[in-house]
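Trainee: Model the structure of this input:
(chains A and B)
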There are 2 protein chains.
Amino acid sequence: MARVYNFSAGPAVLPEEVLRQAASEMLDYRGCGMSVMEMSHRSAAFKGIIEEAEADLRELLGVPESYRVLFLQGGATLQFAAIPMNLMRPRPDGSSGTADYIVSGSWSKKAFKEAKLYGEARCAASSEDGGFSYVPDADSLDLSPDADYVYICQNETIYGTRYPKLPDTGNVPLVSDASSMFLSEPMDVSRYGLIYGGAQKNIGPAGVTIVVVRDDLVRDDVLPFTPTIMRYKTQADAGSLSNTPPAWGIYVCGLVFKWLKERGGLAAARERNEEKARVLYDYLDQSKLFKGTARKEDRSLMNVPFVTGSDELDARFVAEAKAAGLESLKGHRSVGGMRASIYNAMPREGVEALVRFMERFEAENR
Amino acid sequence: MARVYNFSAGPAVLPEEVLRQAASEMLDYRGCGMSVMEMSHRSAAFKGIIEEAEADLRELLGVPESYRVLFLQGGATLQFAAIPMNLMRPRPDGSSGTADYIVSGSWSKKAFKEAKLYGEARCAASSEDGGFSYVPDADSLDLSPDADYVYICQNETIYGTRYPKLPDTGNVPLVSDASSMFLSEPMDVSRYGLIYGGAQKNIGPAGVTIVVVRDDLVRDDVLPFTPTIMRYKTQADAGSLSNTPPAWGIYVCGLVFKWLKERGGLAAARERNEEKARVLYDYLDQSKLFKGTARKEDRSLMNVPFVTGSDELDARFVAEAKAAGLESLKGHRSVGGMRASIYNAMPREGVEALVRFMERFEAENR
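Mentor: Residues are numbered from 1 along each chain as shown, chains lettered A, B, ... in the order given. Sure thing, here's the model as predicted:
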């Protein structure tokens, strides 16, 4: 069978060039007679892989010297715990640390719930009353100046929203789950205390989590029961090699970073992504059948949820699209409808094929 | 370059047949038009992969119905914390849970140290006074009948020892880190409360950790600060899909399980492994230059450390062996010397080539 257009929200489409290279190097990575899956993580070959991956990521994202880049395991879900464990500071009077969470969808809601295990997590704003169809206004947040950090999920994979503007958190570090928008556009890293993301959307395969964290947040005085391997200090001191890393995943991420660099870096990626999103949103905005569900100002460039208004028609659309080689368009099981994830590796032709299919479906079902 | 004989302790050699299949399916997994790295973990294709991997593992290892099989992330190091977090039970009087650790090398020592973060971990026996060259006698252990569990590292990767006999822990669950011997020989799972291992030695690529745990140890009443994703209950209830799993790694593990099944399962694997180990140990036992460092009765079938007695000669041996296509023979950085890891995927020809090389080196350096 030919390759499909894969609109999965994650794990998600990877550049075909990257897959071809990974396949071609499978039995012998550049003359060393081994697969990347087989080599010691202490070998010169793997050291080259992880150091080059970090250097390329730093160049792509413009990571300042004062930030550490960590390649970890466990997904965003493990970070939901690692972040408060590492960043919440019990107060001199014995009371627990505090953090402000902005709840703009399922993922930030889960992170907020998890943080309560570790201290006083407060909800600074929520868009749950609006079915998470929008992002809370960055200018009218109830933020505490003494919080240990402010937490956002910057692009909501399920509801298809993205922060149009970052909240001003003053001296309080801003922590961002950027999983589903990581490397899709430039970010000003210096505005954050910590940015993290699961790799399985825009960066590489599942099983790698990247954390970019400012030096002053990499500390020894974490909550006492924090597992050694979850302490940012442990992995920062060891160059992410305190234990055996997810070597294959880091290698594939490195290939994706090269692929992005060859295509002009993140400014060029943003242009391509804006263009792809425009093709889909423009169609949605004039359609009589399909309707985008996120508020226009807050629309994600990466995840585009939409509905027909009929569950039966939605299900038929997903099934017929799949038969036509347009894969994984079903919305998240918690919300239903459809969702097209159009990450970096989705070519414009894929989005155009989707829109043509939608036009035909609309003509047949009006 | 041709493939080398790779004696790395982990990540380690994989069956060439498995690598070829992974390469051939890279762009299109069995007609679905996607790589395994790209497919949703909720898709039918991936559900097939993980369910078949679990079924094959259960068959190979003879896992009873009353045990759960979990595919996790984070490596053995994260389990060093997860095990006490899940298994230590604070006592009704408010005192912490307790566990007995048998310290037979670096990995059990690390696990012991980590457990102290979570309760009263006691050292029931240690072979550190003998440079970890042997396994403490299973019949003269100082075990407490009220411990929450007894912990062992059943095969010590660095020092090359293996338990010749399991300790009798009565009603106290036995927890075994089997990372470097997993699936190298049959195990009687019913003798354990929990067996776990990092995949990157005998099972697959780094980034997958397999936990086989008895139902009664999968409980809600874990230590309160246990991250949700580290609770065995979370992943047991979700079939290891509570968050995005390390999908590619699980797929490769599944290919390795098929490879083992096609070759007669674990009884046949043990025969092959005993034969390979015999070839190497027989040579070591008569060599005038090389000397095995582990006590004979406790020798590992998987990891064979040896020395010449001269650091300079050891270094030369490792370098010349590498030049001859015998890769990663350097001992662990904490102990020096040499180590040949001869896991399932190391063919007998590789061990024979190593012995021929050692004979030649010995002839040239006596």
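Trainee: ok, which stretches of the stretch 151-300 of chain A are helices?
Mentor: For the stretch 151-300 of chain A, applying DSSP state H, counting those that start in this stretch gives helices covering A:232-237, A:247-262, A:265-286.
Trainee: which stretch among these comes nearest chain B?
Mentor: For chain B, the closest of these is helix A:247-262, at 4.9 Å, according to Cβ to the nearest Cβ. Using the backbone N, CA and C atoms, a C-beta is placed for each residue, glycine as well.
Trainee: Where does pLDDT dip in chain A?
Mentor: A:1 (pLDDT under 70).
Trainee: Tell me which stretches of it form strands.
Mentor: A:5-6, A:67-72, A:98-103, A:120-126, A:150-153, A:155-156, A:161-162, A:174-177, A:194-198, A:209-214, A:291-292, A:303-307, A:326-327, A:338-341 (DSSP state E).
Trainee: contacting residues around the closest residue to residue A:85 other than its chain neighbours?
Mentor: Sequence neighbours aside, residue A:226 is the residue nearest to residue A:85 in space, at 4.2 Å (criterion: Cβ to Cβ, 6 or more residues apart in numbering or on different chains). Counting by Cβ atoms under 8 Å, 6 or more residues apart in numbering or on different chains, residue A:226 touches A:82, A:85, A:86.
Trainee: now residue A:226: how far from residue A:235?
Mentor: To residue A:235, residue A:226 is 12 Å away according to Cβ to Cβ, to the nearest Å.
Trainee: And residue A:257, by the same measure?
Mentor: Residue A:257 is 19 Å from residue A:235, by Cβ to Cβ.
Trainee: how about the residues of the stretch 101-250 of chain A near chain B?
Mentor: Taking Cβ under 8 Å from any Cβ of the partner chain, the part of the stretch 101-250 of chain A that reaches chain B is made up of A:114, A:117-118, A:198, A:200, A:204-208, A:223-225, A:227-230, A:242-249.
Trainee: again, 7 Å this time
Mentor: Selection of the stretch 101-250 of chain A residues close to chain B by Cβ under 7 Å from any Cβ of the partner chain yields A:114, A:117-118, A:198, A:200, A:205-207, A:224-225, A:227-229, A:243-249.
Trainee: Show me which of these are buried.
Mentor: A:114, A:117-118, A:198, A:200, A:205-207, A:225, A:227-229, A:243-249 (16 or more other Cβ atoms under 10 Å in any protein chain shown).
Trainee: Kindly state the beta-bridge partners for the nearest residue to residue A:34 once chain neighbours are set aside.
Mentor: Take residue A:34 and drop its neighbours on the chain: the residue closest to it by Cβ to Cβ, 6+ apart is residue B:6, 5.4 Å away. Residue B:6 has these beta-bridge partners by DSSP bridges: residue B:327.
Trainee: Verify the stated contact: residue B:6 with residue A:38.
Mentor: Yes. Using Cβ atoms under 7 Å, residue B:6 is in contact with residue A:38, at 5.7 Å.
Trainee: Overlap in contacts, the two.
Mentor: Common neighbours of residue B:6 and residue A:38, using Cβ atoms under 7 Å, 6 or more residues apart in numbering or on different chains, are B:12, B:13.
Trainee: Counting neighbours, go ahead and name the busier of the two.
Mentor: Using other Cβ atoms under 10 Å in any protein chain shown, the more surrounded residue of residue B:6 and residue A:38 is residue A:38, with 29 against 26.
Trainee: How much space separates the more buried one from residue B:156?
Mentor: In terms of Cβ to Cβ, residue A:38 sits 22 Å off from residue B:156.
Trainee: Export the contacts of residue A:226 as a markdown table, with columns for neighbour count.
Mentor: Converted to a markdown table, the contacts of residue A:226 look like this (neighbours: other Cβ atoms under 10 Å in any protein chain shown):
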| residue | neighbour count |
| --- | --- |
| A:82 | 27 |
| A:85 | 24 |
| A:86 | 26 |
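Trainee: Enumerate the positions of stretch A:248-267 that are buried.
Mentor: A:248-260, A:265-266.
Trainee: Which one of the residues you listed is nearest to residue A:29?
Mentor: residue A:251 (8.2 Å; Cβ to Cβ).
Trainee: so what's the closest one up against?
Mentor: Per Cβ under 7 Å, 6+ apart, neighbours of residue A:251: A:36, A:49.
Trainee: what residue of chain A is the furthest out?
Mentor: Centroid-distance maximum for chain A: residue A:93 at 37.1 Å, with Cα atoms, centre = their mean.
Trainee: For the residue positioned nearest the centre of chain A, give me its contacts.
Mentor: Central residue of chain A (Cα atoms, centre = their mean): residue A:179, 1.2 Å from the mean position. Residues in contact with residue A:179 (Cβ under 7 Å, 6+ apart) are A:76, A:157, A:197, A:198, A:201.
Trainee: Would you tell me which one of these comes nearest to residue B:25?
Mentor: residue A:201 (22.0 Å).
Trainee: The closest one against residue A:14, yeah?
Mentor: No. Between residue A:201 and residue A:14 there is no contact under Cβ under 7 Å: 10.4 Å.
Trainee: Now do the contacts for the nearest residue to residue A:205 once chain neighbours are set aside.
Mentor: Leaving aside its sequence neighbours, residue A:205 sits nearest to residue B:37 (Cβ to Cβ, 6+ apart; 4.0 Å). Contact analysis of residue B:37 by Cβ under 7 Å, 6+ apart lists A:11, A:14, A:205, A:252, B:247, B:248.
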